[in-house]
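**Q** What follows is a predicted structure for the sequence shown.
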Amino acid sequence: MAISSTRLRRFALQMGLIGFVLAGALFGLVSMTNSMQPDNFIEVTVAPGDTLWKIATQVTSGKDPRSVIYDIKKYNGLESGFLKVGQVLQVPLYE
């Protein structure tokens, strides 16, 4: 059974549209992932009364402190939020 040229064109158009949408989604995902990477790090020495929440809110500009706390813990190998006075932390900075 032969496929009509109209059906073939419609199929090609649908595949092209699906490819375009997938490419756009992939580009958006890559852009979003890159924007979540820290631009730089600063060293913060823990002072009496410091908490991860306090440090995170001092370095973030409108970013959710919880995600910054997660990153601080990840980059410093911390399993808990317990900090020692004098401890030096690598704190990520974001634009």
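**A** Sure thing, it's come through.

**Q** Where does the prediction get shaky in the chain?
**A** Along the chain, segments meeting pLDDT under 70 span 1, 30-38, 95.

**Q** Kindly recompute the last result at 80.
**A** Across the chain, the ranges flagged by pLDDT under 80 are 1-3, 24-39, 61-63, 94-95.

**Q** any chance you could map the helices in this structure?
**A** Counting by DSSP state H, the chain has helices at residues 5-35, 52-59, 65-76.

**Q** and the angle for the last one with helix 52-59?
**A** Read it as helix 65-76. Calculated by axes from the mean of the first three to the mean of the last three C-alpha atoms, to 10 degrees, helix 65-76 forms an angle of 100 degrees with helix 52-59.

**Q** just checking, what packs against helix 65-76?
**A** Applying 3 or more C-beta pairs under 8 Å, 6 or more residues apart in numbering; DSSP states H and E, we find helix 65-76 packed against helix 52-59, strand 88-93. Heads up, the C-betas are built off the backbone N, CA and C, glycines and all.
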